[in-house]
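**Q** everything below, folded, please.
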Amino acid sequence: MTMSLVCVDASLVVALLIPERFTRLAWEAWQRWVQDECQIVAPMLIHYEVTSAIYRKAFQGLISSEDALKAVEQYLALNIRKTDPEELPLRAFDLAGMLKRPNTYNAHYLALAEILDCPLWTADERFFNSAHMFSAHIYWLRDYLSGR
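**A** Coordinates of the predicted model:
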């Protein structure tokens with residue numbers, strides 16, 4: 001049996017770890033992927049983005065430092081395979097240009113999903129709205145309700 005791949009971005013992982021708008025949906029999706037024995041993947045960039053987003057929430061006083069540290073520890077315990085195929089930076093560069101983005105961060109996740117030919121799930125509505133016209137690989141977490 002071939003294991004299905006699911007790519008996740010930092011917005012989805014942060015939603016798993018810090019209570020916010022899509023936390024319940026993020027957990028439903030995550031539990032389904034684990035139940036279905038999907039391999040969850042992301043570029044190495046996810047380490048920096050998740051840690052930074054959690055730290056920023058603590059810095060802004062939205063969560064305590066203790067809760068932030070626990071969230072980072074929980075993130076490290078998640079079974080996410082980090083991979084950066086050699087062609088990832090070039091594809092991310094191209095995608096960022098197509099999406100008219102000022103940086104390539106989000107484009108790295110989409111590029112990985114395209115390279116691995118798997119869905120990318122995001123909780124970032126703006127990113128989804130800018131990218132879904134260019135790629136059939138991106139899915140918005142809110143659409144998880146519709147079984148997409």
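**Q** stretch 124-135: which residues count as buried?
**A** By neighbour count on 16 or more other C-beta atoms under 10 Å, the buried set for stretch 124-135 is 124, 127-128, 130-131. Bear in mind the C-beta positions are built from the backbone N, C-alpha and C, glycine included.
**Q** again, but for stretch 72-85
**A** 72, 75, 78, 80.
**Q** all strands for the protein, in order.
**A** All strands of the chain, identified by DSSP state E, fall at 5-8, 39-42, 80-82, 120-122, 138-140.
**Q** what is the rounded mean pLDDT of the first one?
**A** Mean pLDDT, computed over strand 5-8, is 97.
**Q** just the third one next, same as before
**A** For strand 80-82, the mean pLDDT works out to 97.
**Q** name every strand pairing with that strand and say which way it goes.
**A** Sheet pairing here is set by DSSP bridges, and for strand 80-82 it gives strand 39-42 (parallel).
**Q** gap between the partner strand and the chain center?
**A** In terms of C-alpha atoms, centre = their mean, to the nearest Å, the centre of strand 39-42 is set 9 Å apart from its chain centre.
**Q** so where is the chain shaky, pLDDT-wise?
**A** 1-3, 145-148 (pLDDT under 70).
**Q** which elements pack onto the longest helix along it?
**A** The longest helix of the chain (DSSP state H) is helix 45-59. On a contact count with 3 or more C-beta pairs under 8 Å, 6 or more residues apart in numbering; DSSP states H and E, helix 45-59 meets helix 10-17, helix 65-77, strand 80-82, helix 105-116.
**Q** a markdown table please, covering those and showing distance to Asp94.
**A** Converted to a markdown table, the helices and strands packed on helix 45-59 look like this (distance: least, C-beta to C-beta, whole Å):
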| stretch | distance to Asp94 |
| --- | --- |
| helix 10-17 | 21 |
| helix 65-77 | 29 |
| strand 80-82 | 22 |
| helix 105-116 | 8 |
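**Q** of all those, which one is nearest Ser135?
**A** helix 105-116 (5.8 Å; C-beta to C-beta).
**Q** the closest residue to Lys57 other than its chain neighbours: what's it in contact with?
**A** Using C-beta to C-beta, 6 or more residues apart in numbering and skipping residues adjacent in sequence, the residue nearest Lys57 is Ile63, 4.9 Å away. Ile63 sits next to 18, 54, 57, 71 when contact means C-beta atoms under 8 Å, 6 or more residues apart in numbering.
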